[in-house]
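Engineer: requesting a structural model of the entry that follows:
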Amino acid sequence: PQQIAAFQGLSRQREDKFMNMQGIYRKKKLIKSKLSGPSSLILGLPGGYMLHCMELDGDSSLLFDFRHLLFYTEGIEMKSVLQSFKNVVATKDIMRMKFQGHGAIGLISCGPVIEMELDPVTPSFIDSRALIAFPSHVGIDLSVYGNHLASQHMSYQWKM
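Structural biologist: Prediction:
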């Protein structure tokens with residue numbers, strides 16, 4: 001709610017509610033805002049942060065880190081997905097979010113969001129701190145790559 005710097009519309013179109021316990025645990029916030037009807041707004045994002053809107057059309061296999069979610073529109077259903085033990089140990093996240101339906105989700109990140117297509121044969125190595133979402137069907141291993149010296153000077157990577 002405090003990220004809304006300006007709102008243009010009827011006052012009844014904004015409704016703030018207390019979050020349920022699951023939302024409080026994930027976002028560490030007590031209140032959420034619901035905006036409805038035709039309106040416009042200006043968000044106040046922290047310095048260096050960007051908003052990326054992603055259109056969804058049907059069922060998506062992507063599993064998202066909830067910390068990057070700013071909003072989702074009506075027509076989108078959010079479902080919690082329990083991660084495997086291996087992924088929980090590596091990411092320190094028990095749950096990831098899966099979205100389905102028709103609409104948009106807003107992702108917030110420190111820098112631009114880059115979409116990268118994964119090759120089924122050649123593995124991709126992605127910094128585990130920079131990963132916002134990944135397909136649920138992809139194989140994931142925590143690893144480093146390169147020679148012995150290279151592996152000492154990098155953070156852990158997801159081998160996908």
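Engineer: just for the chain, where's the confidence low?
Structural biologist: The chain contains residues with pLDDT under 70 at 1, 19-30, 90-91, 150-151, 153.
Engineer: show me the helices in the protein, by range?
Structural biologist: Assigned by DSSP state H, the helices in the chain fall at 21-27, 85-91, 148-152.
Engineer: residues touching the second one, excluding its own?
Structural biologist: If you take CB atoms under 8 Å, 6 or more residues apart in numbering as the criterion, helix 85-91 is touched by 65, 83, 93-94, 128, 140, 142, 156, 158. For the C-beta atoms, the positions are set from N, CA and C on the backbone; glycine is no exception.
Engineer: go again with 7 Å.
Structural biologist: Applying CB atoms under 7 Å, 6 or more residues apart in numbering, the external contacts of helix 85-91 come out as 94, 128, 140, 142.
Engineer: now stretch 48-65
Structural biologist: With contact meaning CB under 7 Å, 6+ apart, stretch 48-65 is reached by 43, 45, 70, 76, 81, 93, 96-113, 132-137.
Engineer: list the buried ones in stretch 100-118?
Structural biologist: Buried residues in stretch 100-118, defined by neighbour count with 16 or more other CB atoms under 10 Å: 101, 103, 105, 107-109, 113.
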